[in-house]
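In: Mind folding the following:
(chains A, B, C and D)
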There are 2 protein chains.
Amino acid sequence: MRAVSSASSAPQVLQAAHLNAKFFQGLADPTRLRIVRLLLERPHTVGELVERLGVGQSGVSNHLACLRWCGYVTSQRNGRSVTYRIADRRVRLLVKLAEAIVADNASQIASCMRITDRAPR
Amino acid sequence: MRAVSSASSAPQVLQAAHLNAKFFQGLADPTRLRIVRLLLERPHTVGELVERLGVGQSGVSNHLACLRWCGYVTSQRNGRSVTYRIADRRVRLLVKLAEAIVADNASQIASCMRITDRAPR
DNA sequence: TTGACATATTAGAATGCGGTGATATATAAT
DNA sequence: ATTATATATCACCGCATTCTAATATGTCAA
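Out: Purely as a prediction, here's the structure:
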C-alpha cells in the first residue's frame, strides 16, 4: 500500500516532524542523556563532565555541541574552561516526564529489539 | 582525561540512562513521530496509517512495533485489522512539551550538523 | 614568545538504523 | 479448503551516528 498526498504528509508537517525528531534525538543517546542529567544537578565545565562520565574528551565535546545545537544547553567561557548549563527550565520537565513513563514500562522497553544496545568497545 | 568510577557511572545509573535514551529514541525518528501525532488525533488501523503516511506497510509495521515496545502505543486486533492507540496520556504532554521547546529554538536545531537529515530515497 | 592547560574540530573505522521487498501469519469470505 | 485481505517478520543494502585518536584553537602564565 502506498499513499499519495494528504494533510499529514504536507511539507510543513513533514518539516515539523523532522525538526522535533531531531530534537528528541538529542536525548536519544545514553551519554548525552547522562550529560543532561548532570547539568540538571548543577552547571559543569567540560573537564568535570569528562571526569564524571568516564568518556573521552573529544566525545564529550561533540555531544555537548549536539546538545547546544538542539537548545538543551548553553555554554559560557570562563578563562580557559567552558561551563555548560541547562538552557531551558522545561528540559527538566521533559526528562522527568519521560522517566515517569519509562518507570511504568521498564520491562517492555528493555525488550525492544528494534533499538539495539551499542556494544561497548 | 579519563575517569574511574563515581556515583554518576554506577551500573544502575548507566542502566537508567540506557533505558531512557532508548525511550527517547522511540520519538527520534520522523516517521515514528508522525505516527504518534496521528494516533494523538485518534486511533488508527495499520492500513490507515500506511495510507496517511505514504510509507511502506513493512516500515510502518516495524515502527509500530518499536513504539509498542517503548510503551508509546498499544494494539488491539479487530477482525482482520489491528488498531493502534496511544498507551499513556502523558505521551501527549511529552510531545507538546517538546514542540514548545523546539518552537523557541527552531533555527538552532535546523543548523545542527551532528544529526543529519536522512535523504529520502 | 613560549609552554601548559582546556576545549573544539576533524578524520577514519565500526556499527546501528531505516527503507524496501519477499515471505509468513492471521482472519474472514466464498 | 481455497482465496483474499491485513498485518507481521525477515533479510539485505546503504547511509548515519558513534567512538577514538590526532590536530587545531583559545586562554593564561612565565
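In: okay, now residue A:48: neighbour count?
Out: 18 (other C-beta atoms under 10 Å in any protein chain shown). Quick note: C-beta positions are derived from backbone N, CA and C, even for glycine.
In: Local confidence estimate at it?
Out: With respect to pLDDT, residue A:48 scores 98.
In: And whatever helix or strand it lives in, what's buried?
Out: Per DSSP states H and E, residue A:48 falls inside helix A:46-53. Buried positions in helix A:46-53, judged by neighbour count with 16 or more other C-beta atoms under 10 Å in any protein chain shown: A:46, A:48, A:49, A:50, A:51, A:52, A:53.
In: Count the neighbours of the nearest residue to residue A:95 once chain neighbours are set aside for me.
Out: Of all residues not flanking residue A:95 in the chain, residue A:36 sits nearest, at 6.4 Å (C-beta to C-beta, 6 or more residues apart in numbering or on different chains). By other C-beta under 10 Å, the residues close to residue A:36 number 23.
In: helix or strand for residue A:36, which one?
Out: Going by DSSP H and E, residue A:36 is in helix A:30-41.
In: do residue A:23 as well
Out: Here residue A:23 sits within helix A:11-26, counting by DSSP H and E.
In: How about the residues of chain A by DNA strand D?
Out: Contact residues, chain A versus DNA strand D (C-beta under 7 Å from any atom of the strand): A:1, A:25, A:28-29, A:31-32, A:55-59, A:62-63, A:66, A:77, A:79-80, A:118, A:121.
In: again, 6 Å this time
Out: Within chain A, the positions near DNA strand D by C-beta under 6 Å from any atom of the strand are A:29, A:31, A:55, A:56, A:58, A:59, A:77, A:79, A:80, A:121.
In: Which strands and helices lie in contact with the helix holding residue A:23?
Out: Helix A:11-26 sits against helix A:57-70, helix B:11-26, helix B:30-41, helix B:90-103, helix B:106-110, with contacts defined as 3 or more C-beta pairs under 8 Å, 6 or more residues apart in numbering or on different chains; DSSP states H and E.
In: Using a markdown table, lay out those together with mean pLDDT and distance to residue A:15.
Out: Converted to a markdown table, these look like this (pLDDT from 0 to 100; distance: least, C-beta to C-beta, whole Å):
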| stretch | mean pLDDT | distance to residue A:15 |
| --- | --- | --- |
| helix A:57-70 | 96 | 16 |
| helix B:11-26 | 86 | 20 |
| helix B:30-41 | 98 | 9 |
| helix B:90-103 | 96 | 11 |
| helix B:106-110 | 75 | 9 |
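In: Tell me which of the ones you listed lies nearest to DNA strand C.
Out: Of all the helices and strands packed on helix A:11-26, helix A:57-70 sits nearest to DNA strand C, with 3.2 Å by C-beta to the nearest atom of the strand.
In: Beyond the closest one, next helix or strand please.
Out: The helix or strand immediately downstream of helix A:57-70 is strand A:73-78, counting by DSSP H and E.
In: and that following strand, anywhere near DNA strand C?
Out: Yes - Strand A:73-78 reaches DNA strand C (C-beta under 6 Å from any atom of the strand) through residue A:75.
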